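*Asks:* The following comprises the amino acid sequence and a computationally predicted model.
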Amino acid sequence: MSTPTTIVKTAIQYLPSYTDGRFIDDLSEITGMMFKEQGVICECTGRSTTKHIYNNKYSFKNQHCKSARHKKYLTNLSNNSEHILKTSILRRDEIRRLKIAVGKVDQRNHQLMNEIANKNTQMTRLKEQVDETNELISQQKEYHDTKYKTLEATHKNVRKENQQLKITNSNSTNKISKLETTNKELQDKIQIIDSIWNNFGQALGYEVEISHE
């Protein structure tokens, strides 16, 4: 994984342009955004540790560059143009390098913003999928809970019906047993009556024919 590029934003050193053997003010290569974000210092404002940092391109151009101190500074530069020109070229190269570095950082920031946007989109989709899954689980649980309650009620009813059938069956068994006992008693009584009737007929000299239809 590559290490992110870090740019320390120091104030930009302003140097005028060299044209036709003299120095003149030229702010074409320093943008208003560079003024705002990094600031610009001018050699005419004092020592390096106490130089004023300008953050407004308009005020720098219309106030500072028109001041007597700055005009005197341009005159001194023109008088020492050979040495200062070399320094100016170096400073301009530095500004160009800074522009390129800032452009690369901005491009990387744009890439990172796109990556973040894509990640956020993926997270949103994943959240929607999780929510959908949770909803399906909730609906399945609700269905199974309802099904379980229905089966439980049915089971209770079946158990109740089975219990009632057992009671009914027991009562029927008791009735059958009583009927069988009564039937046996009746048969015994009939046999006794038949025997008495047969004996009575024989005593009178009759042949008794007993028939049970």
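*Replies:* Perfect, thanks for sending it.

*Asks:* Only C-alpha atoms from now on, for both contacts and neighbour counts.
*Replies:* Fine.

*Asks:* What is the burial count for residue 183?
*Replies:* 12 (other Cα atoms under 10 Å).

*Asks:* Quick check: phi and psi at the most centrally placed residue in the chain.
*Replies:* Nearest to the geometric centre of the chain sits residue 127, at 3.2 Å (Cα atoms, centre = their mean). In terms of degrees, to the nearest 10, the main-chain angles of residue 127 are phi -60, psi -40.

*Asks:* tell me which element residue 151 falls in.
*Replies:* Assigned by DSSP states H and E, residue 151 belongs to helix 81-204.

*Asks:* re the thing from before, pLDDT score assigned to the residue nearest to the centre of the chain?
*Replies:* Looking at residue 127, its pLDDT is 93.

*Asks:* do residue 28 as well
*Replies:* For residue 28, pLDDT reads 92.

*Asks:* How about residues contacting stretch 166-182?
*Replies:* By Cα atoms under 8 Å, 6 or more residues apart in numbering, the list of residues contacting stretch 166-182 from outside is empty.

*Asks:* Format the CA atom coordinates belonging to it as CSV.
*Replies:* Extracted as CSV, the C-alpha positions of stretch 166-182 are listed here (Å, rounded to 0.1, in the frame of the first residue of the first chain):
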residue,chain,number,x,y,z
LYS,A,166,-62.1,-43.0,25.7
ILE,A,167,-64.8,-42.0,28.1
THR,A,168,-67.5,-42.9,25.6
ASN,A,169,-65.9,-46.2,24.9
SER,A,170,-65.6,-47.0,28.6
ASN,A,171,-69.3,-46.2,29.1
SER,A,172,-70.2,-48.4,26.1
THR,A,173,-68.2,-51.2,27.5
ASN,A,174,-69.9,-50.9,30.8
LYS,A,175,-73.4,-50.9,29.1
ILE,A,176,-72.5,-54.0,27.0
SER,A,177,-71.3,-55.8,30.2
LYS,A,178,-74.5,-55.0,32.0
LEU,A,179,-76.6,-56.1,29.0
GLU,A,180,-74.7,-59.4,28.8
THR,A,181,-75.3,-59.9,32.6
THR,A,182,-79.0,-59.1,32.2
